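S.K.: coords below, sequence missing:
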């Protein structure tokens, strides 16, 4: 390897491991990256900080060879390279851990890893154990992937990456899938990697994590680098100002004044999903009253998807179980989503494109998707004008950035589309609003606006249920919290009594073993 | 295996993109037809004349084109509604046959009838039979999740055997010298022809009316919208509460009714009786017509006319130049394959990989 030798030849004067200069990439009229410069030293933990849509992913894809820059140069060990594809990137020594894993559920860890190498699973197993040991990634090579937690799966991905002895690992939002207790061990692993000379490119929009972990942070806004700082020397607020150009707005809220009777109730809901790898929901109880926000916390994959589908009606219960779900006191477990919407429910799903909206259709036609019952159909024919008016007011009220109601949903960024969907569901004037990951992929400023809208909606007497895996969001929004763990719901916690430690404990199942009733309080104290 | 190119989705498309694929397919089909005729020993100019000019050169031939466009148009409009919802009804041929059978019952049983409502009754019976045949597939799909492509395709063969049995037995003309065909229909059971000498009949107006109705259904109605959402984004349809079962039933029943009606128009039009052969593959050709027309009611109108020209041109060539009848089938196949290929290039673009070897040298 010529490159390796070239790098070692110039010891003394430190040569950056990876250097980018003037890198530009556009997609049609949109410039995703403009004149980006970046420099990473060996053994450095380098953060790329930016909002969604700031151009982080595009930049990473160019470094990992998924796409080629339009202009600019990439230097690896001080030499110009053109990275043609991910295989080439891996040969150079660049590895990547994706946000979404690519593991086969029915295979073991070792089998999964052997698929990307030319070695058998049996020969890899000791090496997997050895690497796991060295970097603090305990993992059984013989375990089947479907039995692993999300954190363990991430370890499998990291180990797969480490087996190729990379000089640089790119990690895309690695903490977004972890419970709070899983974050520190991951950071420990990253620090050990860096101590061993491997550089880490850490992509995130979570300011606290970057401050505690990274040596250097390159901040991107609207496709450009707006600063390169030592994050430890910055405050959370100064980083935020660099990232979004202003301080993060904090929502204002007044104490909730909930009504008396529950608007939405689950009573002893049990459900075995059709999907063999889905989560079995057991004994779920919850109730949301008008004028309050209930937050459902939990690491994703613990039944959120199944719960959301049961609440929206996309999964219907058998007729006999209809009273397990009640809307305004009447059982609706067997009703389809359309019937539930007519009963006063609105629902914001976590996937925007393809579920909350039809990507190929205009915003006008997407307004029709759930709002068709509001005077948009006359004698079976679509009243386009009233659908367009509805779409226009959603766009105006939520500040959706688009060319107008005729724009196709897929032409909007994820955050903007989310604003549109949120606006549409709010305009349905529901009694109960269920929102799954309401601000996923939404930029910080827009997320704050959506949260403020949700609080305002609560104050008009709507019962709101929010399923989210971002704890900070739930702490900002929820009046009460329940935690979902392996298909079971924790007892309800009031806003005042919920703190990160307690919720974190619940998120790993703490509420299941808690001898809450049996032990007298005196003994605990 | 790594190929030296990659295929990626086009980020932007020109507003004329929907026209590119059908026009490319039509051009390719014409060129393929000329080549094929030349290889069969027909001079290029003659081939061009027979394939494209002769079908529109005389009143009679224009009438023939319109006559063949009628069932194609009617069936394709019905199928396209289902195809937009991604319900793949491949059984229009069988539904057409059932429609022909259903439509024949009245004139066979009341062979000396003078009732002016005869045609209306035949049309109703025929479309109900077509719907009933399609309903088998709808029921199997919505009840047992049986793939409608396979079910409708196999029902075609059953329909054909049913027709053979009926014309050889129960519906055979008792005074027909044992020919496998029914009695000739009375005059009240025949569609009026439109202009002197030509065989094209009033069924054309029904097909045109169906085109207008299909346009309103697809572009303006809430039901059409529901079906389309189910086709392009099934998860979104589920989220919105649009029933999938309803979409399956509706798509198949509309397709079955249209094909059944086309079957009635064949027996009440050019045939005048029920025979062993009621369709030269209209039910299959209409699938090509629906796609060539971009599943758009207006596009389907033009596609049906072009397909009818191929039918008539092929017939003329067969009669005057001794070209085998199979030419029509071959040209239909070329049309479908080139259309599908052209669609790939409209939706995606092919990019050559830069030489990986050069890069690895670093």
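M.R.: Happy to help now that I have it. Predicted, not measured: the structure shown is a model, and the values here were computed from it.
S.K.: mind checking how far stretch A:177-193 is from the chain centre?
M.R.: Chain-centre distance of stretch A:177-193: 17 Å, with CA atoms, centre = their mean, to the nearest Å.
S.K.: residues of it that come out buried?
M.R.: Neighbour-count burial for stretch A:177-193 flags A:177, A:178, A:179, A:180, A:182, A:183, A:186, A:187, A:189, A:190, A:193 (criterion: 16 or more other CB atoms under 10 Å in any protein chain shown). The way it works is simple: take the backbone N, C-alpha and C, and place the C-beta from them, glycine included.
S.K.: Over to stretch A:73-88?
M.R.: So stretch A:73-88, judged by 16+ other CB under 10 Å, has buried residues A:74, A:75, A:76, A:77, A:81, A:82, A:83, A:84, A:85, A:88.
S.K.: What's the mean pLDDT across that stretch?
M.R.: What stretch A:73-88 shows for mean pLDDT is 90.
S.K.: Just the endpoints, please. Distance across it?
M.R.: Start-to-end span of stretch A:73-88 (CA to CA, to the nearest Å) is 16 Å.
S.K.: So is that stretch next to chain B?
M.R.: Yes - contact of stretch A:73-88 with chain B (CB under 8 Å from any CB of the partner chain) involves A:79, A:80, A:81, A:82, A:83, A:84, A:85, A:88.
S.K.: Write out the residues of the stretch 1-150 of chain A neighbouring chain B.
M.R.: Residues of the stretch 1-150 of chain A that fall close to chain B, judged by CB under 8 Å from any CB: A:2-3, A:27-28, A:68, A:79-85, A:88, A:91.
S.K.: Any idea which residue of chain A lies closest to chain B?
M.R.: Residue of chain A nearest chain B, by CB to the nearest CB: residue A:338 (2.7 Å).
S.K.: closest to residue A:244 among the buried residues of stretch A:73-88?
M.R.: Proximity to residue A:244 was ranked across the buried residues of stretch A:73-88 by CB to CB; first place goes to residue A:74, at 27.7 Å.
S.K.: Show me what that closest one bridges to in the sheet.
M.R.: As for beta bridges, residue A:74 partners with residue A:20, residue A:81 under DSSP bridges.
S.K.: need the contact list for it.
M.R.: A:18, A:19, A:20, A:23, A:62, A:63, A:80, A:81, A:82, A:83 (CB atoms under 8 Å, 6 or more residues apart in numbering or on different chains).
S.K.: Please name the residues that touch the second one.
M.R.: This points to residue A:19. Residue A:19 neighbours (CB under 8 Å, 6+ apart): A:38, A:39, A:40, A:74, A:75, A:78.
S.K.: Can you tell me the closest non-neighbouring residue to the fifth one?
M.R.: Here the nearest residue to residue A:75 in space, its sequence neighbours aside, is residue A:19; by CB to CB, 6 or more residues apart in numbering or on different chains that works out to 4.1 Å.
S.K.: quick one: that neighbour from residue A:87, how far?
M.R.: According to CB to CB, to the nearest Å, residue A:19 and residue A:87 sit 22 Å apart.
S.K.: Give me the neighbour count for the closest residue to chain A within the stretch 51-200 of chain B.
M.R.: The minimum distance from the stretch 51-200 of chain B to chain A, using CB to the nearest CB, falls at residue B:84 (11.6 Å). Residue B:84 has 19 neighbours, counted by other CB atoms under 10 Å in any protein chain shown.
S.K.: Next: the one 4 residues further on.
M.R.: Residue B:88 is surrounded by 20 other residues when neighbours are defined as other CB under 10 Å.
S.K.: ditto for residue B:314
M.R.: Other residues within reach of residue B:314, judged by other CB under 10 Å, total 25.
S.K.: all helices of the stretch 251-362 of chain B, in order?
M.R.: Ranges of helices in the stretch 251-362 of chain B, per DSSP state H, counting those that start in this stretch, are B:282-292, B:297-321, B:326-347, B:356-360.
S.K.: and residue 164, what does it touch?
M.R.: With no chain named, the answer covers chain A. By CB under 8 Å, 6+ apart, the contact set of residue A:164 is A:90, A:93, A:95, A:117.
S.K.: wrong chain, I was asking about chain B
M.R.: Contact analysis of residue B:164 by CB under 8 Å, 6+ apart lists B:180, B:276.
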